[in-house]
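Chemist: Could you work out the structure for the sequence below:
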Amino acid sequence: MKKRLMKSRTDRKLAGVCGGIAEYLEVDPTVIRLVWVIVSLIGGSGLLAYIAAAILMPEE
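Modeler: All right, here's what the predicted structure looks like:
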């Protein structure tokens, strides 16, 4: 079965982006969320990347 990067329907807090990335990478979604927050606070582009991913990633 080929893996596809899609937003999660079951593990979502906002749009399901971090849950979908966590399912794709087979890691805990909390880790992805923490990394995303840290990147957003340090680099500032995390919010824009999240919005873009929420728009571009297909639903599960």
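Chemist: Enumerate every residue touching the residue lying closest to Pro29 once chain neighbours are set aside.
Modeler: Residue nearest to Pro29 in three dimensions, not counting chain neighbours: Ala22, with 3.8 Å by C-beta to C-beta, 6 or more residues apart in numbering. No exception for glycine: its C-beta is placed from N, CA and C like everyone else's. Taking C-beta atoms under 8 Å, 6 or more residues apart in numbering as the criterion, Ala22 is in contact with 8, 11, 28-29, 31-32.
Chemist: average pLDDT across the strand or helix carrying Ala22?
Modeler: With elements taken from DSSP states H and E, the one containing Ala22 is helix 17-25. Averaging pLDDT along helix 17-25 gives 89.
Chemist: next structured bit after that helix?
Modeler: As assigned by DSSP H and E, the chain's next helix or strand after helix 17-25 is helix 29-43.
Chemist: List every C-alpha atom in that next one, with coordinates, as PDB.
Modeler: What follows is helix 29-43, C-alpha atoms only, in PDB (Å, rounded to 0.1, in the frame of the first residue of the first chain):
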ATOM      1  CA  PRO A  29       1.200  13.700  16.800                       C
ATOM      2  CA  THR A  30       2.300  15.600  19.900                       C
ATOM      3  CA  VAL A  31       5.900  15.500  18.700                       C
ATOM      4  CA  ILE A  32       4.900  17.000  15.300                       C
ATOM      5  CA  ARG A  33       2.800  19.700  17.100                       C
ATOM      6  CA  LEU A  34       5.600  20.700  19.400                       C
ATOM      7  CA  VAL A  35       8.100  20.900  16.600                       C
ATOM      8  CA  TRP A  36       5.600  23.000  14.600                       C
ATOM      9  CA  VAL A  37       5.100  25.400  17.500                       C
ATOM     10  CA  ILE A  38       8.900  25.700  18.100                       C
ATOM     11  CA  VAL A  39       9.500  26.400  14.400                       C
ATOM     12  CA  SER A  40       6.700  29.000  14.400                       C
ATOM     13  CA  LEU A  41       8.200  30.800  17.400                       C
ATOM     14  CA  ILE A  42      11.700  30.700  16.100                       C
ATOM     15  CA  GLY A  43      11.300  31.300  12.400                       C
END
